[in-house]
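**Q** Fold the following for me, if possible:
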Amino acid sequence: MSDDQSNLEFRPRAIGSVLGFPAHEGRPSALGEVHARPHPLVETPRVLIQLSFMTEGGASVDHAVLSELSRRLGIAAPGSQARLHAMKWGKGSLRWERHTEFSTYLWEGPLDESGRVHEDTPFGNGFSPPGTVISGIRLEIRKWTAANEKLLDSFDPTSLCFSLVERGAAAIVADFRQDGDGLTRILVLNRALTPASTGALSQRLLDIETYRTLAMLGLPLAQSLSARVRRIEDKLAVITREMKAAETRDSQTLLADLTELAAELEADAASSLYRFGASRAYDGIVSERLEALDEEVVPGYDTWGGFLQRRVAPAMRTCRSVEERQANLSRKLTRATTLLRTWVDVEVERQNRDLLASMNNRARLQLRLQQTVEGLSVAAVSYYVVGLIGYLAKGASLFGHAFAPEVVTAASVPVAVLLVWWGVRRVQRLHGEPASHAGE
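**A** Residues are numbered from 1 along each chain as shown. Next up, the predicted model:
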């Protein structure tokens, strides 16, 4: 290797390479996903207000809202493919994030000890929501003092959740009820958290409230579908009982009823497939965030995990139950339809057998009629042939022949009959008919 100093100079590596080797095209997005949702650095005291909007109108509506907010601030709008964007808003900041079926707008600003917000949030006059609100949260982060502990009295004691997190460095308080503005209020009492830890904790709490609300969207759908599934189950039971009565069974009508039930069930299952799947995914996220909190029980109070487990878990079990009932009912309908189709096929085969027997009998009758007609036709043609021979014999007697016309006519009868019969047989053979038919 050369020791020339020029060979040791630093040269920038090619973009999209590792040690000069070409990198996979999906590597940047795979590496960047780890940093896709960075935790903000949150000081104390601070207030966070997050609104989550369902984006039925698509990403373009979100982009229009962000463009309008950016225009009001005099800054450039994010790209149409952006999934995360942050901007300064007064003395605070606004963070936007796009998710699969919703988007979040999180405003973070200062909070004085009296609880008043120093700045107006961006959700005032002039803010155009990109969709309907599914979740609204007001999260206050305060120093853990005796005065701030009295704020627990402002929460509903019947659903108050109060627990220690971060090994006692902070406490989290919520009653999961909505205030006059429709926001779920959460209080964090900070004793020794760093800004990074405060930001991570705040993000977990916001995720828990947002995703548990989204997970619960499957419950009303499950309750409405439960009655319809029960009706289909009852109808299936009636049909299966009618299938057992072979004497009065109308297979075609029963098959039509089963097909209609199967179509209705599949339509309901298709319409609920995404919502039930999303509810499971959201519930999994809530469980992960609750586990990450690693709560410590405060005597006399409920924990977030315990409270939500008692309230959300039954709803998720209801969704799973309806989904499983749909799947089981679909299999039962398939089996019943297959069985009924088998019976229909057997009945059709029996009808075909009877039809073929009837056709065979009809063909046999037609054959006998044909044989009778053929015999008559041989006699008729022979009669006319013998008649012609008789006329010829009478005409020939004028020239003095010795044979009498009656003798010639009588002698020609068997010859004419044999020749006509042979001609008919030959015609039958030429048309591919069995030669034995004419002799039966």
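**Q** which ones are touching residue 123?
**A** Each residue near residue 123 by Cβ atoms under 8 Å, 6 or more residues apart in numbering is listed here: 49, 51, 105, 107. From N, CA and C alone the C-beta is placed, and that goes for glycine too.
**Q** helix/strand/coil for it?
**A** The three-state label given to residue 123 by DSSP: H, G, I helix; E, B strand; the rest coil is coil.
**Q** so how far is residue 65 from it?
**A** Distance from residue 123 to residue 65, counting by Cβ to Cβ, to the nearest Å: 11 Å.
**Q** sorry, back to before: please flag which of the contacts of residue 123 sit within strands.
**A** The strands, defined by DSSP state E, take in 49, 51, 105, 107 from those.
**Q** got the contact list for residue 136?
**A** Contact criterion Cβ under 8 Å, 6+ apart gives 49-52, 178, 181-184 as the residues in contact with residue 136.
**Q** average pLDDT for stretch 407-414?
**A** Mean pLDDT, stretch 407-414: 78.
**Q** right, and out of the contacts of residue 136, which lies closest to residue 171?
**A** Nearest to residue 171 among the contacts of residue 136 is residue 184, at 17.3 Å by Cβ to Cβ.
**Q** Determine the longest strand present in the protein.
**A** For the chain, the strand with the greatest residue count under DSSP E is strand 133-143.
**Q** Can you name the element that comes right after that strand?
**A** Following strand 133-143 in sequence order, the next helix or strand is helix 146-149 (DSSP states H and E).
**Q** Quick one: residues in contact with the helix or strand following that following helix.
**A** Next along the chain after helix 146-149, taking DSSP H and E as the criterion, comes strand 161-165. Applying Cβ under 8 Å, 6+ apart, the external contacts of strand 161-165 come out as 152, 170-176, 201, 293-298, 301-304, 306-307.
**Q** domain ranges for this protein?
**A** The chain breaks down by automatic domain parsing into domains covering 41-214, 218-296+303-353, 362-439.
**Q** export the ones you listed to CSV and tack on distance to residue 26?
**A** Output for the domains of the chain, formatted as CSV (distance: least, Cβ to Cβ, whole Å):
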stretch, distance to residue 26
domain 41-214, 16
domain 218-296+303-353, 23
domain 362-439, 72
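**Q** winner for burial among these?
**A** Comparing the domains of the chain by mean neighbour count (mean count of other Cβ atoms under 10 Å), domain 41-214 comes out on top with a mean of 17.
**Q** distance between the ends of it?
**A** Start and end residues of domain 41-214 are separated by 26 Å (Cα to Cα, to the nearest Å).
**Q** Could you tell me the least trusted of the domains of the chain?
**A** With a mean of 73, domain 362-439 has the lowest mean pLDDT of the domains of the chain.
**Q** next one: it to chain centre, how far?
**A** Relative to the chain's own centre, domain 362-439 is displaced by 79 Å; criterion: Cα atoms, centre = their mean, to the nearest Å.
**Q** quick one on the thing from earlier: and the contacts of residue 136 as CSV, adding distance to residue 423?
**A** Supplementary listing: the contacts of residue 136 in CSV, determined by distance: Cβ to Cβ, whole Å:
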residue, distance to residue 423
49, 109
50, 105
51, 102
52, 98
178, 106
181, 109
182, 105
183, 108
184, 106
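**Q** Most widely separated two among those residues?
**A** Going by Cβ to Cβ, the pair spanning the contacts of residue 136 furthest: 52 and 181, at 14.7 Å.
**Q** which ones are touching residue 289?
**A** Contact analysis of residue 289 by Cβ under 8 Å, 6+ apart lists 204, 207-208, 211.
**Q** Columns secondary structure and distance to residue 233 on top of those, output as a markdown table?
**A** Listed next are the contacts of residue 289 as a markdown table, based on DSSP: H, G, I helix; E, B strand; the rest coil; distance: Cβ to Cβ, whole Å:
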| residue | secondary structure | distance to residue 233 |
| --- | --- | --- |
| 204 | helix | 41 |
| 207 | helix | 38 |
| 208 | helix | 36 |
| 211 | helix | 32 |
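**Q** circling back: and which of the contacts of residue 136 is nearest residue 342?
**A** For the contacts of residue 136, the nearest to residue 342 is residue 52 (52.5 Å; Cβ to Cβ).
**Q** Wait, the closest one touches residue 132, no?
**A** No - taking Cβ atoms under 8 Å as the definition, residue 52 is not a contact partner of residue 132, at 9.9 Å.
**Q** Wait, residue 93 touches residue 105, no?
**A** No - between residue 93 and residue 105 there is no contact under Cβ under 8 Å: 11.4 Å.
**Q** elements contacting the helix or strand harbouring residue 346?
**A** In the assignment (DSSP H and E), residue 346 maps to helix 304-396. Applying 3 or more Cβ pairs under 8 Å, 6 or more residues apart in numbering; DSSP states H and E, one finds that helix 304-396 contacts strand 161-165, strand 170-178, helix 195-215, helix 218-244, helix 251-293, helix 405-430.
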